[in-house]
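Student: Provided below are the primary sequence and the corresponding predicted coordinates.
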Amino acid sequence: MIFKSIKWRLQIWYGLILVAVLLGFGVTAFQLERGRQFRLIDGEIQRRVNALAGTLRQPPRGRGQDEAQFDGPPPEQFRPPRQPRPDDSPDDAEPGAFPPRFRDFHVPPQIARLFNESETNGFYYAIWHRDGGVLVRSVNAPARLPSPPLVERVKGRGANHPAPLRTPPEVQASQMRREFREIFFFTPPGEIILVGRSISTELRDLRLVATTLMAVGGVILLFGCAGGWWIAARAIRPIEAISATAVKISAGDLSQRISTADAESELGQLAAVLNSTFARLDAAFTQQQQFTSDAAHELRTPVSVMLAQTQGALNRERTAPEYRETVEACQRAAQRMRRLIESLLALARLDAGQETMRRLQFDFSKTVSDCAELVKPLADECDIKIHCDLAALECVGDSERLAQVVTNLLTNAIQYNRPGGEVHVKLETAGGVVVLTVADNGQGIPTEDLPRVFERFYRADKSRSTGGNGLGLAISKAIVEAHGGTIEAASGALAGATFTARLPICDV
């Protein structure tokens, strides 16, 4: 359940990233501090190694009275020097090697000052002779010293014959031995120098540094996770609000909207889009309810007429002319119902995209001219003149459907014009589109009614609906939009009305 929650996924991801960053920073900081400490210690050890190596390179000399305290072991503890054997060849010795004997070694005072032998945590040293024997060691050196690396012996000697040592290159190697930091140094003659120091204090300090880094990292991790949880909860809060609002809307309350306090964020923008969608959905449901109510009202009137006529004819015997009059009234009501039903079906098909619009090239100017001729008798009856200014234009679309639009607009302009008025029809191109304008000088449309003239079954005192059922302009708008065009109305009270339809020249 936890891993299915976006909040927990974000929190775990933030925590893992923070742990990785803190771990990398802590390890890097510890290694840098450890390396710095060891470099300082190795530098001090190296300085003392160089001092001892320089002393070994000096020629042998006797002990002075002031050097007695720095002497190595008493002379009698040394093995007696080996005398040259007959089979020893001068070629066996390496150039620059000391004679094959143990020499007396004294640590000069200025060198001895570098080793405070009274401190157990101070620097200590040990020197091995080329044959592996300890030449000298400091008093504070550990009881167990590491074995020096062996020097390769010359091959071909018998096991009973001491062999000179091959002179190694002057090399050095540092190592850690428990709490000791030591450096071996190999001199060209063959002696091995060891200088070391106990670094228990530094190791304790490094452990303190590691503990401090872990404590600080733990505190940062705690605050980081708490901050990440707060940020994740704040980021998920709009989603919870969206879910709660969607539940209320699904229950039927379409007036609910999502709070968009943080409108600049991605979720705020999503909430704004959803609010817009909910508003359109609410408007669509309201329009559907209004449409259903208006359709029922429009159908109820002819049905009531038909029922009243038939009921009156059945109540008593009537003459033939009276029966004929009754049948004609029922016929007019049925025709009105048929026109309404056909209009409703046309709108339903257009809304569902099921009404196929033909995409054929035709002469739009001729179509408009034919429509003007079609409504001319109605205009003559109302003493209204139609003036046409038509440019020869070719258009792509369904000529029959567009003719229906032109007829609706012309009929509408005639019905709501004043006696002796005029209707001006203009067809032109502008900006790559075909522009059809139908204007009259009749009673006009109030400004507050203009946004609603294309609504279905819209009723007002000065409604522009055509055909008597309030669907003519709605059907015209649906047909124009199905062709990829637009239609709009402009008017002022008592200033006439102008309808403008814009259609693309080419197929869209």
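Tutor: Received, thanks.

Student: Tell me who's in contact with Gln404.
Tutor: 475-476, 479 (CB atoms under 8 Å, 6 or more residues apart in numbering). Backbone N, C-alpha and C define where each C-beta goes, glycine included.

Student: Roughly how far does it sit from Ser343?
Tutor: Gln404 is 11 Å from Ser343, where distance means CB to CB, to the nearest Å.

Student: One more: Ile258?
Tutor: According to CB to CB, Ile258 stands 38 Å off from Ser343.

Student: What segments of this protein are helices?
Tutor: 6-57, 109-112, 200-250, 266-315, 320-352, 364-374, 376-381, 399-415, 472-482 (DSSP state H).

Student: Now distance to Arg358 and mean pLDDT too, for the ones you listed, in JSON lines please.
Tutor: Output for these, formatted as JSON lines (distance: least, CB to CB, whole Å; pLDDT from 0 to 100):
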{"stretch": "helix 6-57", "distance to Arg358": "50", "mean pLDDT": "88"}
{"stretch": "helix 109-112", "distance to Arg358": "111", "mean pLDDT": "80"}
{"stretch": "helix 200-250", "distance to Arg358": "40", "mean pLDDT": "86"}
{"stretch": "helix 266-315", "distance to Arg358": "28", "mean pLDDT": "77"}
{"stretch": "helix 320-352", "distance to Arg358": "14", "mean pLDDT": "78"}
{"stretch": "helix 364-374", "distance to Arg358": "13", "mean pLDDT": "89"}
{"stretch": "helix 376-381", "distance to Arg358": "27", "mean pLDDT": "86"}
{"stretch": "helix 399-415", "distance to Arg358": "8", "mean pLDDT": "87"}
{"stretch": "helix 472-482", "distance to Arg358": "11", "mean pLDDT": "83"}
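
Student: Of these, which is nearest Lys426?
Tutor: Among the helices of the chain, the nearest to Lys426 by CB to CB is helix 364-374 (9.4 Å).

Student: what's the angle between the closest one and helix 399-415?
Tutor: If you take axes from the mean of the first three to the mean of the last three CA atoms, to 10 degrees, helix 364-374 sits at 50 degrees to helix 399-415.

Student: list the helices and strands helix 364-374 packs on?
Tutor: strand 385-390, helix 399-415, strand 422-430, strand 433-440 (3 or more CB pairs under 8 Å, 6 or more residues apart in numbering; DSSP states H and E).

Student: Quick check: which of those is nearest to His106?
Tutor: strand 433-440 (112.1 Å).

Student: List of residues touching that closest one?
Tutor: Residues from elsewhere that reach strand 433-440, judged by CB under 8 Å, 6+ apart: 364, 368, 393, 395, 406, 409-410, 413-414, 416-417, 421-429, 485, 496-505.

Student: that older thread, can I get the helices and strands packed on helix 364-374 in a markdown table including distance to Lys376?
Tutor: Listed next are those as a markdown table, based on distance: least, CB to CB, whole Å:
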| stretch | distance to Lys376 |
| --- | --- |
| strand 385-390 | 7 |
| helix 399-415 | 9 |
| strand 422-430 | 10 |
| strand 433-440 | 15 |
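
Student: wait, which of the contacts of Gln404 is closest to Glu448?
Tutor: Nearest member of those to Glu448, counting by CB to CB, is Ser476, at 21.3 Å.

Student: ok, the closest one - how many residues close by?
Tutor: Residues contacting Ser476 under the criterion other CB atoms under 10 Å number 24.

Student: again, but for the one 3 residues further on
Tutor: Counted with other CB under 10 Å, residues neighbouring Ile479 total 25.

Student: Correct me if wrong: it contacts Val406.
Tutor: No. The pair Ile479 / Val406 is not scored as a contact, 10.3 Å apart, by CB atoms under 8 Å.

Student: Compute the distance between Leu314 and Ile236, please.
Tutor: Distance from Leu314 to Ile236, by CB to CB: 71 Å.

Student: now Leu203
Tutor: 48 Å.

Student: One more: Thr245?
Tutor: For Thr245, the distance to Ile236 - CB to CB - is 15 Å.

Student: Same check on Lys7?
Tutor: Lys7 sits 5 Å away from Ile236, going by CB to CB.

Student: same question, Ala251
Tutor: To Ile236, Ala251 is 23 Å away according to CB to CB.

Student: more crowded one of those two?
Tutor: Between Ala251 and Ile236, counting by other CB under 10 Å, Ile236 is the more crowded of the two (15 against 9).

Student: quick one, what contacts that one?
Tutor: Contacts for Ile236 (CB under 8 Å, 6+ apart) come out as 6-7, 10.

Student: want to throw those residues into a markdown table with neighbour count and distance to Arg57?
Tutor: Shown next, in a markdown table, are these (neighbours: other CB atoms under 10 Å; distance: CB to CB, whole Å):
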| residue | neighbour count | distance to Arg57 |
| --- | --- | --- |
| Ile6 | 11 | 74 |
| Lys7 | 16 | 73 |
| Leu10 | 17 | 69 |
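
Student: Any chance of the residues you listed in JSON lines with distance to Leu114 as columns?
Tutor: Below are the contacts of Ile236 laid out as JSON lines (distance: CB to CB, whole Å):
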{"residue": "Ile6", "distance to Leu114": "66"}
{"residue": "Lys7", "distance to Leu114": "64"}
{"residue": "Leu10", "distance to Leu114": "60"}
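
Student: Walk me through the domains of this protein.
Tutor: Following automatic domain parsing, the chain resolves into domains at 2-77+87-151+164-206, 266-352, 360-504.

Student: Adding distance to Gly224, write those domains out as a markdown table.
Tutor: Formatted as a markdown table, the domains of the chain follow (distance: least, CB to CB, whole Å):
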| stretch | distance to Gly224 |
| --- | --- |
| domain 2-77+87-151+164-206 | 5 |
| domain 266-352 | 23 |
| domain 360-504 | 55 |
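
Student: just those domains: most buried one?
Tutor: For these, the largest average neighbour count (mean count of other CB atoms under 10 Å) is found in domain 360-504, namely a mean of 18.

Student: Now do that domain: distance to the chain's middle.
Tutor: 50 Å (CA atoms, centre = their mean, to the nearest Å).

Student: what about that domain, start to end distance?
Tutor: In domain 360-504, first residue to last residue: 13 Å (CA to CA, to the nearest Å).

Student: pLDDT value on Arg197, please?
Tutor: Looking at Arg197, its pLDDT is 89.

Student: The residue lying closest to it once chain neighbours are set aside: what's it in contact with?
Tutor: Distances taken as CB to CB, 6 or more residues apart in numbering put Phe123 closest to Arg197, at 4.8 Å, once the chain neighbours are dropped. Counting by CB under 8 Å, 6+ apart, Phe123 touches 44-45, 48, 114-116, 195-197.

Student: In JSON lines: those residues, plus distance to Asp383.
Tutor: Listed next are the contacts of Phe123 as JSON lines, based on distance: CB to CB, whole Å:
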{"residue": "Glu44", "distance to Asp383": "121"}
{"residue": "Ile45", "distance to Asp383": "122"}
{"residue": "Arg48", "distance to Asp383": "127"}
{"residue": "Leu114", "distance to Asp383": "130"}
{"residue": "Phe115", "distance to Asp383": "132"}
{"residue": "Asn116", "distance to Asp383": "131"}
{"residue": "Val195", "distance to Asp383": "127"}
{"residue": "Gly196", "distance to Asp383": "126"}
{"residue": "Arg197", "distance to Asp383": "123"}
